[in-house]
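# Structural data only, the sequence is not supplied:
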Ligand SMILES: Cc1cc2nc3c(=O)[nH]c(=O)nc-3n(C[C@H](O)[C@H](O)[C@H](O)COP(=O)(O)O)c2cc1C
Ligand code: SF4
Ligand code: FES
């Protein structure tokens, strides 16, 4: 029997037993005198079903999950006999949660063998680079501009415009830096794509390098992601051996090579200039802008710095055309967003969809409500610097401007769901505590203000001079918001003020809701 | 389980030299030093400073800035529990307290017998199968009291 089995090697699947399941499959097969062709694919992103095992059949791939090692002997029996099994989910592509998505950036994730360059090419890989080479640098950048792609790291700056600036800056050496620091709680899209489709990172960075005239790239991955680091390093070696990195990339007239660098556990190093400092070997202290990294970035040279998802989306834009991408979305938020639904949620995972879906659809319909079965009380969108949203705001569409209009942000697209046992004062306290822990120390409002913030929330929680301390907290937020150099100090007020504004009862407030710091 | 090499200046010099031709070698050097010796010994700071033409204070500043770099050896096992929001929403705080009680130490500490170091970590990217942990580099999702107790007993073996 030569059927192929797919058992994710994704860290999220491994964390819930995928390695044990793979071992159990091998053992069960050996017991039957069979050898199985097992591919350790990326995750499809349906994490509540992980480990999700797929088998290739004449009618396409069929999924089973969540599988535990104990299930395997009987499951293999049923699979081989083509008999039904309690864990059968049906044809993978027909699972509604997957079928309703628009997978552009994640088109290959979970489908291909992430170790195989041939598989990557067989699934449309390197078509983007081919088109970019045919178009030339200027038209490549124009295509990225026209696609409407905005940076997926959080700030939402148009990617093509950034590239244009770097292309227009003259220098002997330029760099492409990919930001895979992904520190936001509730986010894992970068990790998933690196683990599940690493060659797309290489293709995206190569296209960027050729477009702006850069020959070297660095992919800065946080140390909390050892699986991603290993997978990416292996892919780089494979691509280099096949002529897709190094001199005359893919037979073109261009040179481009890249390497992985590993972070060292500092959230602030996700901020682009702190990341550059870190790459240069210094403390991850945020730089004042200007100069922009596009003018003076890594080692003082013009540098494109983009998030993983921004760069991973470039190949499909070049492969399918800017218009095909721009046609999805709403307003100024074009294309799709890989939304990560996490926390206390029944159906957590990665859901790539065109902008415009509402928060309520994401949490209640797609997420299926809480894992605990209790009512959803709050969701934090956009990581530790993102606002907490109450149910009353669930009609907000997923769109950069719509979220900003509600004093929130979509950030890197993470949604963390909380049930009604959450204490929002505690969450506000944590936001301040995290800021204090991770502050780079450059600005006083961030460094000192956050520590004062923790103390103030503590007093409020103890009921000490509550009214007075609520005013102090609001003042602190105001000072941080306007006196901080970067968004760590500047946006920590979002979770704090939104918690206070939308859930005043958790702060024991007796007076009407305070004005959010504006 | 960690099995670091004993400190050796000659070995450290080798590690430093091996990274010197990369651009911005400080972090790669520090990672390699820690991977070898289990921590970043103070004695290595002047060596790195000299090799990179930096002041010793600068190197010290870098080492102390990053949460990853240890100033002293860790226990034989390192148990990291995610303390970030998605894990909080699934009861990570209670598990954290349980781990502290089971091990008799606070976060950031090592048990007196040197068996285990307990550390906080802020997101492992496993937020859809929260709460999450990492034991000696192995990732664990859907943590609950029973699984946590099993991890703790693994560290006692
Ligand atoms: C404290 C802080 C942390 C950040 N963390 C990340 C991160 O982990 N990943 C990321 O891509 N961008 C992060 N950013 C945003 C980056 O500064 C920058 O905007 C981004 O890398 C640009 O890439 P993009 O335009 O493709 O989004 C962070 C910003 C701040 C202020
Ligand atoms: S706001 Fe905080 S993290 Fe950002 S530059 Fe200032 S001190 Fe550093
Ligand atoms: S918040 Fe714990 S793994 Fe992401």
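Received it, and whenever you're ready, just let me know what you need. The shown structure was predicted, so the numbers you read here are calculated from the model rather than taken from an experiment. Ligands and ions are numbered 1, 2, ... in the order given.

# OK, contacts around residue B:103?
Taking CB atoms under 8 Å, 6 or more residues apart in numbering or on different chains, we find residue B:103 in contact with B:79, B:111, B:116, B:118, B:152, B:155. Yep, even glycine has a C-beta here, placed from its N, CA and C like the rest.

# Could you verify that the last one is part of a helix?
Which is residue B:155. Yes: counting by DSSP: H, G, I helix; E, B strand; the rest coil, residue B:155 is located in a helix.

# show me the contacts for it.
B:75, B:76, B:77, B:79, B:103, B:115, B:116, B:135.

# what number of residues lie near the third one?
To tie it back to what came earlier, the one meant is residue B:77. For residue B:77, the count of nearby residues is 22 (other CB atoms under 10 Å in any protein chain shown).

# do the same with the last one
Using other CB under 10 Å, the number of residues around residue B:135 comes to 19.

# Identify the bridge partners of it.
residue B:79, residue B:138 (DSSP bridges).

# ok, so what distance separates it from residue B:77?
Distance of residue B:135 to residue B:77, computed by CB to CB, to the nearest Å: 7 Å.

# Find residues that contact each of these two.
Shared contacts of residue B:135 and residue B:77 (CB under 8 Å, 6+ apart): B:154, B:155.

# how about the most centrally placed residue in chain B, what does it touch?
Nearest to the mean C-alpha position of chain B, counting by CA atoms, centre = their mean, stands residue B:68 at 5.4 Å. For residue B:68, the contacting residues are A:223, A:263, A:264, A:265, B:31, B:34, by CB under 8 Å, 6+ apart.

# 10 Å instead?
A:222-224, A:262-266, B:27, B:30-31, B:34, B:40, B:119 (CB atoms under 10 Å, 6 or more residues apart in numbering or on different chains).

# ok so residue A:305 is a helix residue?
No: counting by three-state DSSP, residue A:305 is not found in a helix; it is strand.

# who are the neighbours in contact with it?
A:151, A:153, A:162, A:166, A:175-179, A:218, A:220, A:272-273, A:275-276, A:279, A:292-294, A:297-298, A:311.

# tell me, which of those residues make contact with ligand 1?
A:151, A:153, A:179, A:272 (CB under 6 Å from any ligand atom).

# The nearest residue to the third one once chain neighbours are set aside and residue B:10, how far apart?
The spatial neighbour of residue A:179 that comes closest, neighbours along the chain excluded (CB to CB, 6 or more residues apart in numbering or on different chains), is residue A:307 at 5.1 Å. With distances taken as CB to CB, residue A:307 is found 42 Å from residue B:10.

# Tell me the residues of the stretch 351-500 of chain A that contact ligand 1?
A:486, A:487, A:488.

# Ranking by neighbours, what's the top pick from those?
In these, the most neighbours by other CB under 10 Å go to residue A:488, 26 neighbours.

# Checking my notes, it in a helix, right?
Yes: under three-state DSSP, residue A:488 falls within a helix.

# and residue B:107, backbone torsions?
Dihedral pair for residue B:107: phi -60, psi 140, per degrees, to the nearest 10.

# check contacts around it.
For residue B:107, the contacting residues are B:80, B:81, B:83, B:96, B:99, B:100, B:117, B:118, B:119, B:120, by CB under 10 Å, 6+ apart.

# Roughly how far does the residue of chain B positioned farthest from its centre sit from ligand 3?
The outermost residue of chain B relative to its centre, with distances by CA atoms, centre = their mean, is residue B:53 at 27.3 Å. Going from residue B:53 to ligand 3 by CB to the nearest ligand atom, to the nearest Å gives 39 Å.

# That's all I had, so thanks and see you.
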